[in-house]
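Q: coords please:
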Amino acid sequence: MTFFRKKRMFALLLIAFVMILFMNSAIIGRKLYPIYFQQEIRQSAAKHNIDPFLIAAIIRVETNYKYHLESSKGALGLMQLMPETAEWIVESSDLGPLTQDDLLRADINILLGSWYVNWLIKHYNGNVVYAIAAYNAGQGNVNKWKNNGVWDGTNTNISDIPFGETRHYVQRVLYYYEKYTMLYREQWGGETNKEALD
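A: Numbers count the residues shown, from 1 in each chain. Predicted structure coming up:
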């Protein structure tokens, strides 16, 4: 085989490889951006009428799907709920009495976290970006930024968030939210309750 034939054969193989890669980009994307606990996320999201990809994105940023984590501040489980917040959620909802150990269970943690995210979105009149920021920085801080005109709650002006940690948190959650929506929406039957982010 001559040099030119080898070169042409290599070029054809490369083109075929790129075409296969392109056709299976969603499959590759799902390998790079997996969602674990899919059943629990989908069930909790449906129960609380919230986009499952938003819950998946919050979990990815909070714990990267490590369900047994406890933070130095005492936040527990996949969605890093503080025991006091979980207690308030249980008292405010019909989710039943729970122990602190229950918060480490993936299904319960996701159920409570989904309820809380839904509550935050309602509290901020459908503004998902405010809700994400409040999940990280607390409602008190976000209310102060909102009321004092520090940050308008838009994706465009995330740079106005005074806390670097919260600014980075919101950016990362929104990044994974977009990725998961793009990669999994078709596979999950188009289910999404995605709100406008601006």
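Q: Residue 110: which element?
A: helix 106-123 (DSSP states H and E).
Q: which helices and strands sit right next to that helix?
A: If contacts are counted by 3 or more C-beta pairs under 8 Å, 6 or more residues apart in numbering; DSSP states H and E, helix 106-123 sits against helix 38-47, helix 52-63, helix 83-92, helix 128-137. All C-beta atoms are positioned from the backbone trio N, CA, C, and that covers glycine.
Q: would you list those helices in TSV and tack on distance to residue 110 and mean neighbour count?
A: Shown next, in TSV, are the helices and strands packed on helix 106-123 (distance: least, C-beta to C-beta, whole Å; neighbours: other C-beta atoms under 10 Å):
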stretch	distance to residue 110	mean neighbour count
helix 38-47	5	18
helix 52-63	7	25
helix 83-92	12	15
helix 128-137	14	26
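Q: circling back: what comes up buried for the helix holding residue 110?
A: 106-121 (16 or more other C-beta atoms under 10 Å).
Q: Looking at that helix now, give me its mean pLDDT.
A: Helix 106-123 carries an average pLDDT of 97.
Q: Dump the helices and strands packed on helix 106-123 to TSV, plus distance to residue 2 and mean pLDDT.
A: Supplementary listing: the helices and strands packed on helix 106-123 in TSV, determined by distance: least, C-beta to C-beta, whole Å; pLDDT from 0 to 100:
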stretch	distance to residue 2	mean pLDDT
helix 38-47	52	97
helix 52-63	51	98
helix 83-92	71	93
helix 128-137	60	98
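Q: Same list, the ones you listed, but as JSON lines with distance to residue 69 please.
A: Formatted as JSON lines, the helices and strands packed on helix 106-123 follow (distance: least, C-beta to C-beta, whole Å):
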{"stretch": "helix 38-47", "distance to residue 69": "16"}
{"stretch": "helix 52-63", "distance to residue 69": "5"}
{"stretch": "helix 83-92", "distance to residue 69": "14"}
{"stretch": "helix 128-137", "distance to residue 69": "16"}
